[in-house]
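*Asks:* pasting a predicted model and its sequence here:
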Protein chains: 4
Amino acid sequence: MIVVMKPEAPAEEIDRLSAEFREMGLAPEKIVGKHKTVLGLVGETADMDALQLQDLSPWIEQVLRVEKPYKRVSKEYRHGEPSEIVVPTPNGPVVFSAFAPVVVVAGPCSVENEAMIVETARRVKAAGAKFLRGGAFKPRTSPYAFQGHGESALQLLQAAKDATGLGIITEVMDAADLEIICEVADVVQIGARNMHNFSLLKKVGAQDKPVLLKRGMSATIEEWLMAAEYILAAGNPNVILCERGIRTFDNQYARNTLDLSAIPVLKSLTHLPIMIDPSHGTGKSEYVPAMAAAAIAAGTDSLMIEVHPTPSKALSDGPQSLTPERFDRLMRELSVIGNAVNRWEAQPVPVLA
Amino acid sequence: MIVVMKPEAPAEEIDRLSAEFREMGLAPEKIVGKHKTVLGLVGETADMDALQLQDLSPWIEQVLRVEKPYKRVSKEYRHGEPSEIVVPTPNGPVVFSAFAPVVVVAGPCSVENEAMIVETARRVKAAGAKFLRGGAFKPRTSPYAFQGHGESALQLLQAAKDATGLGIITEVMDAADLEIICEVADVVQIGARNMHNFSLLKKVGAQDKPVLLKRGMSATIEEWLMAAEYILAAGNPNVILCERGIRTFDNQYARNTLDLSAIPVLKSLTHLPIMIDPSHGTGKSEYVPAMAAAAIAAGTDSLMIEVHPTPSKALSDGPQSLTPERFDRLMRELSVIGNAVNRWEAQPVPVLA
Amino acid sequence: MIVVMKPEAPAEEIDRLSAEFREMGLAPEKIVGKHKTVLGLVGETADMDALQLQDLSPWIEQVLRVEKPYKRVSKEYRHGEPSEIVVPTPNGPVVFSAFAPVVVVAGPCSVENEAMIVETARRVKAAGAKFLRGGAFKPRTSPYAFQGHGESALQLLQAAKDATGLGIITEVMDAADLEIICEVADVVQIGARNMHNFSLLKKVGAQDKPVLLKRGMSATIEEWLMAAEYILAAGNPNVILCERGIRTFDNQYARNTLDLSAIPVLKSLTHLPIMIDPSHGTGKSEYVPAMAAAAIAAGTDSLMIEVHPTPSKALSDGPQSLTPERFDRLMRELSVIGNAVNRWEAQPVPVLA
Amino acid sequence: MIVVMKPEAPAEEIDRLSAEFREMGLAPEKIVGKHKTVLGLVGETADMDALQLQDLSPWIEQVLRVEKPYKRVSKEYRHGEPSEIVVPTPNGPVVFSAFAPVVVVAGPCSVENEAMIVETARRVKAAGAKFLRGGAFKPRTSPYAFQGHGESALQLLQAAKDATGLGIITEVMDAADLEIICEVADVVQIGARNMHNFSLLKKVGAQDKPVLLKRGMSATIEEWLMAAEYILAAGNPNVILCERGIRTFDNQYARNTLDLSAIPVLKSLTHLPIMIDPSHGTGKSEYVPAMAAAAIAAGTDSLMIEVHPTPSKALSDGPQSLTPERFDRLMRELSVIGNAVNRWEAQPVPVLA
């Protein structure tokens, strides 16, 4: 920590403060500048809160953090080695890691009925997806909008899992549902709106299923890593970080701004694997293929893509989701980039499951 | 709802879609423009989701909402009459309303110990505050930071209430704590980070204590009103909306951007009373007085101000909170503006409680 | 400046860099922390560019600025004393300053014709405005939109000045027009879109008329002050800083977010006077009165308000501008707040000019 | 245009307004909804300004644009066919187009001296760049920072052009410098800070050299296209659109947020070619390779990359720019992605020029 004193700070206050830092176990080193005095604090400061330090004296102008505030999620915690998160699924273990092929997760926004979810699962599996996503409990801006079929939708996800062997990823919004969700889900999702729901983070951290942690819509990279730190600190080391678009001043064409620079930034800071969700990240299916390809080129470890079967509207792509046909084509397009960067698995023979 | 078709949309698709709207109970009126066709939907569309409508056809370019998506919180729901939220406290009922004097809520960020919270309560009461705020459960970015004293802090808040007769406002982060919080709190606070925690919103909506709903740090006014709609739809009509600064590109001096225009905007849209929190809204005590005065001039119904006793640092204002002395002076400064706009209560005689 | 080295930085590189800093006339003081080494640079660093310093070594993690990068605009430059900008007008000198009454500038967005601009000038003068604003050259997002009447509009502004004695404020977009604008204008405006047009800043800095510098729509406070520093560094000390709303994620109701916290922030940093423009700042006339009142309560030194005479639509307020009637009423409302804070001039007797 | 009337709008006002629209040559079609009346305006509305329309009546709630406000830059203007911008250089014509290989532009931020700029030009040419970038006139936040060597730097760029045959791209900040810049530059750059300098846009539109138009740091896609429309409307059809990072709430690691979704969005809206600048877009050289690869995968037509020779610091990459060595390696990395998507030119044999 670097403590910058106000220009007019009295010498005795700087001495008093230095003594207070020494009592806290820190070694303050004083630099007397032309206009200001600065105290460099040597010692274990990672846990300290810059705002709380600032409260120690009204003569402090600002406190600058030099150390990172997170530990377990940091690259240094694993000595630079990326994590490997191995998720067992009926079709065999799937690995999320910088060393493994890009894992593709696909499926509809919400689980609507058995025929729909089983059919979607079959189609996305045939195209190469390893996980089925589908919402049972849905966060909706309006209390009057469809909130998901809840518990019964979990049974439909189980049916789709039984039919295809795909792993299941679904969102938990309420800790009270965590147990029944974990009976079906192979990976539990924390949605963007709950990234700062610290109670829920602690609870998913205290259970065993891997956690997909979506970035809050205006969360900084550091806040997102601190949210992951909550989960790791509670005992669960298996967190996948999913970028899904941030909120900016422009939402006229793309609904959010997909922050692909999060990929190299995260790779420089953390050992955790990364997922990119271009469907929520752009909000329009026509932008999804370009962004999915870009994510692979930038080094993502996995992708989450919305696919919805709407046979009556099979003329072209739907606005929010890809049709199974378009998804199938996309996977072939992505294989070109994926193979070029050696992050693509040999395609399964497309047999109808 | 206005449905704008893509320029190349085939006539038969527009007909098919019109039929589908009629089946949904809506009367579509077609306007054929030079380049595009537009369908105006007449009927009950307030509950409908623009994104779901867009899924009805790939030939839809965009769906524009003309009606507001909220009902119970809207000004029209009460025929233009502002709500009056009457909160019983030991010192008597306190009214949050456009017709009542500005209600001032004050106190420390967290409850630290009995002496500190009781002393703060006495001081803020003497200066004219009607409610004591203080965190028992604290949302903290870092899992390693102090998370509040929890249940024991609630007892200290009760002690401060017993000593002063002030009402108590404190935050709930986990539905599991709601019952014990409500034993002490007169108003339950939902923090900015949980504004989109829909499970929690439903639960505070299903109990009786009034709810203070802070705006999420990147929530639009409409999303914030929809969060309040969740609480009203669950049965609780007593919601106070608290602006506490939004996240923007500039956080170098003020930590957030306090959006005071929310005051006239909300007054044009909703009957619910408004609170402004200039302490979190700016993040620096030296900016608090100007913003508190501005909020009253703009028409706020209440204010939340952080006050912390730090006797050893009484030389000047602390960086995050006001000292009791500075708060006392601020209340006298605010009375000038408050009296000018006829929103200030006659000061109580400052007797030590 | 504080130079934070990467954890793995070799000792010899830190020594080499220290030598390089000494050659630059700086005294580097080394603090060896648990994980990182930090160099505090003592000396004249205000002119230095943090990014250029960072280029000195690949082992530098970050460079933190401790000194402010501006000088002439800083409060310290005038030893804490606010500037007084005295602008001569036919009606006598008008003072923009923290010690003077709030100066109100009013008028239409664009100058349309002589009758309209003279009539508006008479009405706003009668209500208490000291300056007429009106665009001759208009920055317009579309090349096909009305770009202002240009030079001929300047003559109309002169006619309004002759008729009322009000001072004139109008915008310069092109240095080539500066001379003819200065023949009429008493204050030259730099619009938000040109705040970063450094060539134009240097040119208005090299002439004598006071400059109204609007904040760029996504400019930080520091960038805004640096833009003012360009003008002062070029020789013109008379700059008024005008906040007109910043761009954020929410523009559904208010078109911009009026950042009123800029008032206390600027007062803590600079001696220059402050103006608030609630008309552009909110984009809707119905929000203007609350924000104008708030600005006065927060300590603004002047206000800019759009007023447009639309007699055929006198039923109610127009959406972008106030009618002269509403402006007249607003001035009476503002006098209540203005008088309460001792920043309002005794109203002139409202005689029709 | 869709005009939404306020719920309480009187019938006679709607009739009066309809008559006014008919006088403007528009055919208003009235839709009477449950709560509100809506007028659909049929006719030529692309030039109209929604805000000006709103001024026609105080009973208008909002005006929604259905048509795009730009014409010449729109995809429809060229019937869906992308532009080809052919730039003559000493080494032969270079084509910016969706059908051509990705054009790489490289070079230092500023031109420092002849040896440095000629050496950089040789190195980037050898690695496959077609254009040299280098600032002669530099937009700097501080008036005290180095502002570029100006006219003499143009001669150094000419020397680098003579030595290597590369095309030259350099920025114009002041219309007064346009002529001398165009004697050397093959493409004239408008920087992000001047994207809304409409006077300058008109002037670069009135000359013949192709224009590189950087996106303003908080410009929406639509505003950016409108800025390009200014140039096309002034007569110059050769505009390249360069995304260079937008300003968001998070600038801790990446200095800006590189908006790669601009690529598919622009491809759906305009025929103009696209450039991506990952160096300014992220602000850190270590993030540049991932973002450059992503840009190619997403479909960019060209790339702008900062390269600076700092032989004394050749240990690793510099913080803002790539070393020539790192750039050389990057070009080989990019060729993998570029070849996979058939957008890469066969590498020239790397002979020292």
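*Replies:* In hand now; what should we look at? A quick note: this is a predicted structure, and the numbers were derived from the prediction, not measured.
*Asks:* can we go C-alpha only for contacts and neighbour counts from here?
*Replies:* Will do.
*Asks:* tell me the secondary structure at the nearest residue to A:Leu260 once chain neighbours are set aside.
*Replies:* Leaving aside its sequence neighbours, A:Leu260 sits nearest to A:Ala295 (CA to CA, 6 or more residues apart in numbering or on different chains; 6.6 Å). The three-state label given to A:Ala295 by DSSP: H, G, I helix; E, B strand; the rest coil is helix.
*Asks:* gap between A:Ala295 and D:Cys109?
*Replies:* Remark: distance between A:Ala295 and D:Cys109 (CA to CA, to the nearest Å) = 28 Å.
*Asks:* more neighbours: which of those two?
*Replies:* A:Ala295 (31 against 21; other CA atoms under 10 Å in any protein chain shown).
*Asks:* is it true that that one touches A:Ile276?
*Replies:* Yes: A:Ala295 is in contact with A:Ile276 according to CA atoms under 8 Å; the separation is 6.8 Å.
*Asks:* show the contacting residues for the residue in the stretch 201-350 of chain A that chain C sits nearest to.
*Replies:* Proximity of the stretch 201-350 of chain A to chain C (CA to the nearest CA) peaks at A:Phe249, 4.4 Å away. By CA atoms under 8 Å, 6 or more residues apart in numbering or on different chains, A:Phe249 lies in contact with C:Arg247, C:Thr248, C:Phe249, C:Asp250, D:Ser218, D:Thr220, D:Thr248.
*Asks:* how far away is A:Glu238 from A:Gly165?
*Replies:* Small correction: residue A:238 is Asn, not Glu. In this view, A:Asn238 and A:Gly165 are 21 Å apart by CA to CA.
*Asks:* for chain A, what lies in contact range of chain C?
*Replies:* Counting by CA under 8 Å from any CA of the partner chain, chain A comes close to chain C at A:4, A:29, A:31-35, A:40-44, A:66-67, A:247-250.
*Asks:* return the subset of those lying in strands.
*Replies:* Among these, the members falling in strands (DSSP state E) are A:Val4, A:Glu29, A:Ile31, A:Val32, A:Gly40, A:Leu41, A:Val42.
*Asks:* may I ask which two of those residues are separated the most?
*Replies:* For those, the farthest-apart pair by CA to CA is A:Val32 and A:Val42; their separation is 16.7 Å.
*Asks:* looking at the two, which has the bigger crowd around it?
*Replies:* A:Val42 (22 against 16).
*Asks:* pretty sure that one contacts C:Lys34?
*Replies:* Yes: under the criterion of CA under 8 Å, A:Val42 makes contact with C:Lys34 at 6.5 Å.
*Asks:* burial check on A:Leu330, number of neighbours?
*Replies:* 18.
*Asks:* show the model's pLDDT score for it.
*Replies:* On pLDDT, A:Leu330 comes in at 97.
*Asks:* residue contacts, it?
*Replies:* A:Pro289.
*Asks:* mind saving the C-alpha coords of the biggest helix by length in chain A as CSV?
*Replies:* Ranked by residue count under DSSP state H, the longest helix found in chain A is helix A:324-340. Taking Å, rounded to 0.1, in the frame of the first residue of the first chain, the C-alpha atoms of helix A:324-340 are listed here in CSV:
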residue,chain,number,x,y,z
PRO,A,324,-30.0,-25.9,-34.6
GLU,A,325,-29.1,-25.7,-38.3
ARG,A,326,-27.2,-22.4,-37.9
PHE,A,327,-25.5,-23.8,-34.8
ASP,A,328,-24.4,-26.8,-36.7
ARG,A,329,-23.0,-24.6,-39.4
LEU,A,330,-21.3,-22.4,-36.8
MET,A,331,-19.6,-25.3,-35.3
ARG,A,332,-18.1,-26.2,-38.6
GLU,A,333,-17.0,-22.6,-39.1
LEU,A,334,-15.5,-22.5,-35.7
SER,A,335,-13.6,-25.7,-36.3
VAL,A,336,-11.5,-23.8,-38.8
ILE,A,337,-10.3,-21.3,-36.3
GLY,A,338,-10.2,-23.9,-33.5
ASN,A,339,-8.0,-26.2,-35.5
ALA,A,340,-5.7,-23.3,-36.6
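*Asks:* shaky segments in the stretch 201-350 of chain A?
*Replies:* A:311-319, A:346-350 (pLDDT under 70).
*Asks:* please repeat the previous calculation with a cut-off of 90.
*Replies:* Scanning the stretch 201-350 of chain A for pLDDT under 90 picks out the ranges A:308-321, A:346-350.
*Asks:* residue of it closest to chain D, please.
*Replies:* For the stretch 201-350 of chain A, CA to the nearest CA, closest residue to chain D: A:Ala294, 4.0 Å.
*Asks:* residue contacts, that residue?
*Replies:* D:Ala293, D:Ala294, D:Ala295, D:Ile296, D:Ala297, D:Ala298.
*Asks:* could you redo the last one with a cut-off of 6 Å?
*Replies:* D:Ala294, D:Ala297, D:Ala298 (CA atoms under 6 Å, 6 or more residues apart in numbering or on different chains).
*Asks:* do A:Ser142 as well
*Replies:* Neighbours of A:Ser142 in contact, by CA under 6 Å, 6+ apart: B:Met226.
*Asks:* that one: which element?
*Replies:* Per DSSP states H and E: A:Ser142 is located in neither a helix nor a strand.
*Asks:* got it, and the one 10 residues further on?
*Replies:* Counting by DSSP H and E, the element that carries A:Ser152 is helix A:151-164.
*Asks:* phi and psi next, for A:Glu171.
*Replies:* The phi and psi values for A:Glu171, taken as degrees, to the nearest 10, are phi -90, psi 140.
*Asks:* mind giving me the domain split of chain A?
*Replies:* A:2-64, A:75-340 (automatic domain parsing).
*Asks:* tell me which residues are up against stretch A:124-135.
*Replies:* A:104-111, A:166-170, A:328, A:350.
*Asks:* so which bits of the stretch 151-300 of chain A are right by chain B?
*Replies:* A:Asp174, A:Arg193, A:His196, A:Ser199, A:Met226, A:Tyr230 (CA under 6 Å from any CA of the partner chain).
*Asks:* A:Leu53 belongs to a strand?
*Replies:* No: under three-state DSSP, A:Leu53 sits outside any strand and is assigned helix.
*Asks:* and it, how many residues sit next to it?
*Replies:* 15.
*Asks:* look up how far D:Glu29 lies from it.
*Replies:* 64 Å.
*Asks:* same question, A:Pro58
*Replies:* Taking CA to CA, one finds A:Pro58 at 65 Å from D:Glu29.
*Asks:* counting neighbours, which of the contacts of stretch A:124-135 comes out on top?
*Replies:* Within the contacts of stretch A:124-135, most neighbours by other CA under 10 Å means A:Ala106, with 31 neighbours.
*Asks:* phi, psi for the nearest residue to A:Leu166 once chain neighbours are set aside please.
*Replies:* Leaving out its chain neighbours, the residue that sits closest to A:Leu166 by CA to CA, 6+ apart is A:Phe131, at 5.1 Å. Backbone torsions of A:Phe131, given as degrees, to the nearest 10, read phi -130, psi 150.
*Asks:* neighbours of A:Phe131, how many?
*Replies:* So A:Phe131, with other CA under 10 Å, has 27 neighbours.
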